[in-house]
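# Mind looking at a prediction? Sequence and model below.
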Amino acid sequence: MINKTIKFFLKDFEAIPNSLINSRGLKEFLNVNLSQLYWHYYKDKNLFNPPKVNPLLLENLRFISNSTDFRFKKKSKQSRDYKRIDTFGHGQAFCRWFLYKYLGISYFAPISDFINNEEHKAFNRSLIKRVQKGDTPDFLCANKNYRNIFVAEAKGTFARLDFNSSKFIKWRAQFDRIQVINNRGRILGLKGFILASSFASINNKDRFTSLFVEDPEIKGEKLNSDDVESTNDLLKGILSIHYGQVLKYLNYDIIASALIEGFEIPDEYKFNFPIYRSNLDPLKNKQFIGYKVPISFDNAFLEEFQHYFLKRVPIDFRWFNINHQFVGLEYNILKILRNSIKGNWNNLLEINEYDDINTNENIDNKFTLYRDGSVVGLNENFYLSHFESI
């Protein structure tokens with residue numbers, strides 16, 4: 001496993017998770033597992049095409065320095081590699097990674113899919129309304145087990161940052177540009193997060209890549225646990241869009257579109273799914289839909305990978321097979337999703353949140369099961385069992 005460190009700054013948190021505290025107080029540095037970081041990167045970037053590279057191989061390693069901390073190899077603004085570094089995508093990946101790892105937030109939906117979308121069946125006429133021109137926050141997200149709803153804004157830049165910078169003032173203003181309105185017309189106040197990544201390169205010897213996390217709020221009447229209907233309507237919307245995105249990168253486009261756009265597909269329309277099982281003990285009682293992803297690397301990547309990492313990290317070359325990885329979703333979740341788009345949208349609330357299972361330190365059993373039921377692992381540990389029509 002490849003780990004890097006980033007510097008960490010926190011502002012205006014009511015309660016700081018214990019995982020962010022050590023014996024001296026707030027942690028100054030966080031460890032970032034790149035496999036987990038780039039899983040969030042690929043989930044966010046590949047909504048319409050499957051990932052061509054296993055997140056555990058990390059095509060972006062060509063841009064990352066061999067130092068123990070996370071920094072890019074950018075040398076100048078004119079270099080080809082500098083122009084190819086996706087600061088926006090990396091900012092969103094760090095946002096999702098932090099919220100997932102430290103705040104237990106498992107489900108993410110782009111706010112753009114909610115804005116003025118009163119027709120989505122899962123929302124039950126709840127609405128996110130734009131009230132000002134300009135950029136809005138990126139995500140509406142949720143922790144299902146505790147039924148907490150959040151708004152999140154992700155940023156990524158090579159510029160230096162601090163909480164008093166002009167950029168942060170502009171980013172805080174984005175939260176004033178939307179209103180969250182329930183189906184009775186009440187404006188709801190939600191907890192928000194700004195997660196801004198200030199990236200360092202090998203040229204920036206005087207600073208580290210840093211993550212700044214702030215806790216603003218959406219103006220309105222605070223949403224509390226007693227307002228079950230409003231919470232459930234927003235949660236159903238988040239789950240519907242989140243899993244629509246998951247099915248989009250698994251190439252199940254019709255069901256994905258129904259979940260994202262909120263239209264229904266009657267029971268008389270049937271879908272035939274290949275069902276996969278695993279020979280690994282933690283997964284033997286589970287079934288998955290998914291596919292095996294082919295790999296393609298260019299010579300430049302392989303040279304960079306070999307030069308910078310083979311001497312530092314044990315590599316399992318089975319990842320380089322033609323069909324090198326399985327990417328999928330737990331089948332029981334799919335059945336709930338299919339039933340939901342028949343018109344039973346409340347069934348989305350029946351989706352169970354799993355415990356993370358990560359065995360990537362074990363070469364023979366390498367796989368990760370995420371809390372939303374997504375799985376990625378070596379292809380040889382997953383086999384086609386049968387087909388089912390639902």
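All right, it came through fine.
# Check the offset of the helix or strand hosting Y383 from the chain's centre.
Here Y383 sits within strand 382-389, counting by DSSP states H and E. Offset of strand 382-389 from its chain centre (Cα atoms, centre = their mean, to the nearest Å): 27 Å.
# remind me which residues of the protein are low pLDDT?
Scanning the chain with the threshold set as pLDDT under 70 gives 1, 46-61, 74-84, 224-226, 294-324, 359-365.
# Just say helix, strand or coil for the residue nearest to the spatial centre of it.
In the chain, the centroid-proximal residue (Cα atoms, centre = their mean) is H40; its distance is 4.0 Å. Following DSSP: H, G, I helix; E, B strand; the rest coil, we place H40 in the helix state.
# Where do the helices of this structure begin and end?
Taking DSSP state H as the test, the helices found in the chain are 34-45, 80-84, 87-103, 166-173, 228-249, 253-261, 299-309, 331-340.
# in the fourth one, what's buried?
Along helix 166-173, the positions that meet the burial threshold by neighbour count (16 or more other Cβ atoms under 10 Å) are K167, F168, W171. For the C-beta atoms, the positions are set from N, CA and C on the backbone; glycine is no exception.
# can I get those residues in CSV with distance to Y354?
Formatted as CSV, the buried residues of helix 166-173 follow (distance: Cβ to Cβ, whole Å):
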residue, distance to Y354
K167, 37
F168, 35
W171, 33
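# And these, which is closest to D44?
D44 lies nearest to W171 out of these, by Cβ to Cβ, at 18.4 Å.
# May I have the residues that are in contact with the closest one?
Counting by Cβ atoms under 8 Å, 6 or more residues apart in numbering, W171 makes contact with E153, K155, I194, A196.
# Next, the contact list for the closest residue in space to R125 that isn't next to it in sequence, please.
Spatial nearest neighbour of R125, chain neighbours left out: N183 (3.9 Å); criterion: Cβ to Cβ, 6 or more residues apart in numbering. Each residue near N183 by Cβ under 8 Å, 6+ apart is listed here: N124, R125, S126, E229, S230, D233.
# make it 10 Å
When contacts are counted by Cβ atoms under 10 Å, 6 or more residues apart in numbering, N183 touches E118, F123, N124, R125, S126, L127, E229, S230, D233.
# Skip the chain neighbours and tell me the closest residue to the third one.
When you say that, I think you mean N124. In this structure, N124 finds its nearest non-sequential neighbour in D233, 4.4 Å apart by Cβ to Cβ, 6+ apart.
# Kindly report the same for the first one.
Once flanking residues are discounted, E118 sits nearest to L127: 5.5 Å by Cβ to Cβ, 6+ apart.
# Surely the one you found and I181 touch.
Yes - here L127 reaches I181: they are 4.7 Å apart, a contact under Cβ atoms under 10 Å.
# just to revisit the earlier point, by how many degrees do the strand holding Y383 and helix 331-340 diverge?
20 degrees (axes from the mean of the first three to the mean of the last three Cα atoms, to 10 degrees).
# Against which helices or strands is strand 382-389 packed?
Packed against strand 382-389 by the contact rule (3 or more Cβ pairs under 10 Å, 6 or more residues apart in numbering; DSSP states H and E) you find strand 272-278, strand 288-294, strand 323-330, helix 331-340.
# Indicate which one of the ones you listed is closest to A142.
That would be helix 331-340 among the helices and strands packed on strand 382-389, by Cβ to Cβ, at 15.2 Å.
# Next, the angle from that closest one to strand 272-278.
Computed by the same axes, to 10 degrees, the angle separating helix 331-340 from strand 272-278 equals 160 degrees.
# How far away from the center of its chain is helix 331-340?
Between the centre of helix 331-340 and the centre of its chain there are 20 Å (Cα atoms, centre = their mean).
# Show me which residues of it are buried.
Neighbour counts over helix 331-340 (16+ other Cβ under 10 Å) mark Y331, I333, L334, K335, I336, L337, R338, N339, S340 as buried.
# contacting residues around the last one?
Spelled out, it's S340. By Cβ under 10 Å, 6+ apart, the contact list for S340 reads 121-122, 236, 239-240, 243, 255, 258-259, 264, 346-351.
# out of those, who's nearest F271?
For the contacts of S340, the nearest to F271 is I255 (6.8 Å; Cβ to Cβ).
# who's in contact with that closest one?
243-244, 247-248, 265, 271, 273, 334, 337-338, 340-341, 390.
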